[in-house]
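Enquirer: Here is a sequence with its predicted model. Questions after.
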Amino acid sequence: MVAISTLLVVVTVSLLVTRVATVILTATGMSREAARFQARSAFSGSGFTTRESETVVDHPIRRRVIATLMLLGSAGTVAVISTLILGLGKGGGAQRSWKILELALGLLAIVYLSRSRWLDQRLTRAIRAVLRRYTKLPTRDLASLLDLAEDYAVGELAVSAGEWLADRSLADLGLRDEGIVVLGLTRPDGRYLAAPTGATPVRAGDILVAYGRAEQLRELDDRQAGPDGDAAHAAAIARQERLERDELSPA
């Protein structure tokens, strides 16, 4: 039982370490998605090569964070394997089955908590508060420049065939009516279009960099083409109009 508990603690600490690294990388100006990907890639040792990797290497703070993650990831992997061997290597078949069940339930609980948006928001806020107090990270990061409130974010939306976003111009999509601003667009061949206009077409394979309410960005990223997608667009416009009326109404 002690070995299983130790293993679950190691996994929890590993997730916390990558979360802290994500917040630090975001504070240096990286998007949340890119920061999360680079942190997990470095900690797991998978070593993905992307365009963001070059910006990490060229930035002293990011480079230090990634190097630390690589070191901690190596130590964490050894600790997990050693604890797993010690935890499951003792006892008979029935006892080992119970240990496997306990481990599976513990890991499921950790995964569930790690995917909780409520917990993510509060944990991120706490990490930022600690970093502001005890470190000298840049204060004018991307979030502060865009005045990101708790419910707002900058996200990357990958456009696939059959999605509501595909094969239409930005003007036809009317994303601003939903409260979403497209900051840039990356074509499948790697070309980046900064500040695209309404006439810019959106095609399958593109990646949109958009600013808006985090919940709305998630819904838009999953929206499929057809009547259901059009209905979701109309509902999003109605929600945005209500929000604007509430902001304009006297307190």
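Expert: Alright, I've got the coordinates.
Enquirer: can you give me the helices in the stretch 101-250 of the chain?
Expert: 117-134, 142-145, 170-173, 214-222, 227-248 (DSSP state H, counting those that start in this stretch).
Enquirer: closest to residue 34 out of those helices?
Expert: helix 142-145 (10.7 Å; CB to CB). For the C-beta atoms, the positions are set from N, CA and C on the backbone; glycine is no exception.
Enquirer: re earlier: who wins for proximity to residue 62 among the helices of the stretch 101-250 of the chain?
Expert: Of all the helices of the stretch 101-250 of the chain, helix 142-145 comes closest under CB to CB, at 13.2 Å.
Enquirer: where are the low-confidence patches of the stretch 51-200 of the chain?
Expert: Counting by pLDDT under 70, the stretch 51-200 of the chain contains low-confidence ranges at 51-59, 74-100, 103, 107, 114, 117, 134-150.
Enquirer: Please enumerate the strands of it.
Expert: For the stretch 51-200 of the chain, the strands defined by DSSP state E, counting those that start in this stretch occupy 152-158, 168-169, 181-186, 192-194.
Enquirer: ok, back up a step: next, format the helices of the stretch 101-250 of the chain as a markdown table and append distance to residue 191 and mean neighbour count.
Expert: Formatted as a markdown table, the helices of the stretch 101-250 of the chain follow (distance: least, CB to CB, whole Å; neighbours: other CB atoms under 10 Å):
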| stretch | distance to residue 191 | mean neighbour count |
| --- | --- | --- |
| helix 117-134 | 32 | 13 |
| helix 142-145 | 22 | 14 |
| helix 170-173 | 16 | 16 |
| helix 214-222 | 21 | 17 |
| helix 227-248 | 27 | 13 |
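Enquirer: among these, which is nearest residue 180?
Expert: helix 214-222 (6.3 Å).
Enquirer: Now do that closest one: which elements does it pack against?
Expert: strand 152-158, helix 227-248 (3 or more CB pairs under 8 Å, 6 or more residues apart in numbering; DSSP states H and E).
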